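Trainee: A structural model of the following input is requested.
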Amino acid sequence: MKHAYIVLFGLTIGSVRADLNSGAVDSDTMSPEAEVFNGYTVAPLGLRGAIEPNGIERTFEGIIQDIEVQIRSIKADFLWVDFRPTKRSFPNLPRKRNLSKVLCHVQSLPPAPRSAVEASRDWLNSLATELSAPAQQCAQLSCTQGAAIWLCNDEVEWIQQNSITLADRVNAILNEPGCETNGDSGLVQGQAFDGAGWNVIVNGAQC
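Mentor: I've put the predicted structure just below:
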């Protein structure tokens, strides 16, 4: 399977509120060097797991293209279906995952090409692996062909979500008519909130 997407598996952010519409950020929690995306501190991507069943666990960093290159340098015939992500136990049972709301055109972010967002959604569905986000952190899941997808965790505890669930939230934005740009169904921008305290953002980007 060919993957032309940037996926962010490890996220880092200071103490920030996840609702982009609020624009509220505690400047005392962010270092002046930190990269910020609409009030969120952005951390480097990281992925840990075994690249084959019963394999040893390894840590990879970089955008998904970089990670795939790193993995294929170790196992040339690697397939994502063989990846075994490191699992962590929750201090409490995770809350039921429910879409709570979709907001459109948040923070005046540029719209993204629908076709590119759909391709990223389909890739997240095919990946079908657990993606983790530490407490109160935000990261880019994908950036391809002018469409960026972000995952932000507003919780005070680490979370883990399957990429299929994340794809479902992307789909919720795609299916919201109000997230189209001036009636142009080919361009979309929005933010889908989950009741468990995290959200997914879709916007246009230079990639």
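
Trainee: where exactly do the helices run in the chain?
Mentor: Counting by DSSP state H, the chain has helices at residues 64-74, 114-127, 163-174.

Trainee: could I get the shortest one in CSV with only the CA atoms?
Mentor: What it means is helix 64-74. Provided in CSV are the C-alpha atoms of helix 64-74 (Å, rounded to 0.1, in the frame of the first residue of the first chain):
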residue,chain,number,x,y,z
ILE,A,64,5.2,9.2,8.4
GLN,A,65,7.3,9.1,5.3
ASP,A,66,10.5,9.3,7.4
ILE,A,67,9.2,6.6,9.7
GLU,A,68,8.4,4.3,6.8
VAL,A,69,11.9,4.8,5.4
GLN,A,70,13.4,4.0,8.8
ILE,A,71,11.3,0.9,9.1
ARG,A,72,12.0,-0.3,5.6
SER,A,73,15.7,0.1,6.2
ILE,A,74,15.3,-2.6,8.8
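
Trainee: Now that helix: buried residues?
Mentor: Along helix 64-74, these residues count as buried under the neighbour rule (16 or more other C-beta atoms under 10 Å): 64, 67-68, 70-71. In short, each C-beta sits where N, CA and C put it, glycine included.

Trainee: And for the longest one?
Mentor: Across helix 114-127, burial judged by 16+ other C-beta under 10 Å covers 114, 116-117, 119-121, 123-125, 127.

Trainee: Between helix 163-174 and it, find me the angle.
Mentor: With axes from the mean of the first three to the mean of the last three C-alpha atoms, to 10 degrees defining the directions, helix 114-127 sits at 160 degrees from helix 163-174.

Trainee: By mean pLDDT, point me to the weakest helix or strand of this protein.
Mentor: The weakest-scoring helix or strand in the chain, judged by mean pLDDT, DSSP states H and E, is strand 130-133 (a mean of 70).

Trainee: Quick check: closest non-adjacent residue to residue 201.
Mentor: Distance criterion C-beta to C-beta, 6 or more residues apart in numbering; nearest residue to residue 201, sequence neighbours excluded, is residue 150 at 4.2 Å.

Trainee: How about residue 125?
Mentor: residue 167 (4.5 Å).

Trainee: Any regions of this protein where pLDDT drops low?
Mentor: Filtered on pLDDT under 70, the chain yields the residue ranges 1-34, 38, 43-46, 62-65, 88-97, 132-134.

Trainee: which phi and psi does the residue of the chain positioned farthest from its centre have?
Mentor: In the chain, counting by C-alpha atoms, centre = their mean, residue 54 sits farthest out from the average C-alpha position, at 26.9 Å. Main-chain torsions, residue 54, degrees, to the nearest 10: phi 70, psi 10.

Trainee: do you know how far it is from residue 127?
Mentor: Distance of residue 54 to residue 127, computed by C-beta to C-beta, to the nearest Å: 20 Å.
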